[in-house]
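Participant: Predicted model and sequence below, questions to follow.
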Amino acid sequence: MKQSSNTDDHFALFYQEQVDRVYNFFRYRFGDNTLAEDLTSITFEKAWKKRFRYDHNLAAFSTWIFTIARRTAIDQYRRVKAEIPIEEMDHLTSEETLEESIQKREDLARLSKLLTRFSNREKELVALKYGAGLTNREIAKLSRLSESNVGVILFRIIQTLRKEWEVPHE
Amino acid sequence: MSDRFLHDIHEPPRSEFTHNLYQRINTPMQQKPIQIRRFAFGTALCLLLIGISLIFWPASRVFAQQIVNKMGHWLFPNLPTYAEQYELAISTSVVDQPLATGAPVEWQAPPLLSLEEASAQAGFNAVGLKNIPSGLKLVSRSVSFPDELNPFTAVTTVYSDGNSNLSFTQMQFIESSQTVELPVGDALVEEVELAQTKALWIEHLRLSTYLNADQKVEPMYANVLTWEFDGMAFRLKCTPGMSQEEMLEIAQSTIGQ
């Protein structure tokens, strides 16, 4: 189905709403900020090319864009095994101090290491919930699990992660 | 239970990145006219060379056909179907014809698992069908597990009215498994739109044979719709063939379950 002539305007609005969430979905999924930027670019380039095929009657924009994002993540996972580099600092967001930024990157790297013991599906659920900020209902729609299933799986993951997170580390 | 530590890792993207990405996808790049002409000429030349090779070299045509007919883990080359290959092998005496032993085979009812039972056995959410034509009744639902030829776990559901069979197979491939071939012979294969994804339509696929009302052996044909969604492969097959519109309507009911 074709969008109206306002497609490009709508896309601009959707982009502003979703770019942060898509970016953090990839950050949580792969533990690498640079890779997350690359995959975010790929996702929105694909979405832009297909923007006339998006039908708001069939799915919310967030569902549509995260379907594309998840496929991009699967392609990336198949291409290379995700590694977890500790990045050198090369820039700061205006609201962060150097210390805060370093802490966040260390936390991200630590999370990625802890997540290696989980399945791809479980890693993806964490990325969708905490990276993308999706509700359990939205995650259930994307992942074809029931909403209660999503809740149970996430609860179990957080229980395990929290125990490991509270263990002192170097 | 506090999950604050997971939220704290959240970080906005760089504003420069966000701005540049939007500019890049939104603004068409301006090319110099001479570059466009060169690009167009080069493209035309490549297409001409490909066309010539397809016409004069059958091997390249077969290769191209094999490239075109692909859906996820499945490859649909235009080679004789398995049924045709088997019949050819029998007719050239490469394979012995199966003998009728005369011993009666006890009929066993096919398994009819519920969606929940099938999901539990398969290890993934089994999807149900809607928009089934009236007259077709659910006759079986079973789960099969990976083997040498089929690197996937599958839930197969079959509907029948005694004359027509509609089967729906949902497959989860083993990670890093290779492609699996299903030769389609002379069947028509075309890409179609299904919801917001692509599907392959295979029309008049030759299967095995059956005995018609006059007790004569007739070849059996099916129409097939196959697609991938959310990491799963799906196949809808109907014998004798149902129209593309009807099968798309049934397939549509599985999206978003």
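Facilitator: Great, that's in hand. Numbers count the residues shown, from 1 in each chain, chains lettered A, B, ... in the order given.
Participant: Doesn't B:Pro77 belong to a helix?
Facilitator: No: the assignment for B:Pro77 is coil, going by DSSP: H, G, I helix; E, B strand; the rest coil, so no helix is present there.
Participant: ok, it to chain A distance?
Facilitator: 23 Å (C-beta to the nearest C-beta, to the nearest Å). In short, each C-beta sits where N, CA and C put it, glycine included.
Participant: and that residue, how many neighbours does it have?
Facilitator: 19 (other C-beta atoms under 10 Å in any protein chain shown).
Participant: Please tell me how far B:Ala154 sits from A:Ser112.
Facilitator: Using C-beta to C-beta, to the nearest Å, B:Ala154 is found at 33 Å from A:Ser112.
Participant: Also B:Asn69?
Facilitator: Taking C-beta to C-beta, one finds B:Asn69 at 39 Å from A:Ser112.
Participant: Next: B:Gly231.
Facilitator: B:Gly231 is 21 Å from A:Ser112, by C-beta to C-beta.
Participant: ok, B:Ser140 - contacts?
Facilitator: B:110-112, B:156-158 (C-beta atoms under 8 Å, 6 or more residues apart in numbering or on different chains).
Participant: Just say helix, strand or coil for it.
Facilitator: On the basis of three-state DSSP, B:Ser140 is classed as strand.
Participant: and the residue nearest to it when sequence neighbours are not counted, how many residues sit next to it?
Facilitator: Nearest non-adjacent residue to B:Ser140, counting by C-beta to C-beta, 6 or more residues apart in numbering or on different chains: B:Pro110, 3.5 Å away. Using other C-beta under 10 Å, the number of residues around B:Pro110 comes to 11.
Participant: most centrally placed residue in the chain?
Facilitator: Here I'm looking at chain A. Computing the C-alpha centroid of chain A and ranking residues by C-alpha atoms, centre = their mean puts A:Phe25 first, at 0.8 Å.
Participant: switch to chain B, that's the one I care about
Facilitator: Nearest residue to the geometric centre of chain B (C-alpha atoms, centre = their mean): B:Thr226, 3.0 Å.
Participant: Surely that residue is in a strand?
Facilitator: Yes: the assignment for B:Thr226 is a strand, going by three-state DSSP.
Participant: now it: how far from chain A?
Facilitator: When B:Thr226 is compared with chain A (using C-beta to the nearest C-beta), they lie 17 Å apart.
Participant: Surely that residue and B:Ala251 touch.
Facilitator: No: using C-beta atoms under 8 Å, B:Thr226 and B:Ala251 do not qualify as a contacting pair, with a distance of 9.3 Å.
Participant: Common neighbours of the two, please.
Facilitator: Common neighbours of B:Thr226 and B:Ala251 (C-beta under 8 Å, 6+ apart) are B:199, B:234, B:236.
Participant: Am I right that A:Phe11 sits in a helix?
Facilitator: Yes: when three-state DSSP is applied, A:Phe11 is found to be in a helix.
Participant: what's the spacing between the spatially closest residue to it that is not a sequence neighbour and A:Phe61?
Facilitator: Setting aside the residues directly before and after it, A:Phe11 is nearest to A:Arg51 in space (C-beta to C-beta, 6+ apart), at 5.2 Å. Separation of A:Arg51 from A:Phe61 (C-beta to C-beta): 10 Å.
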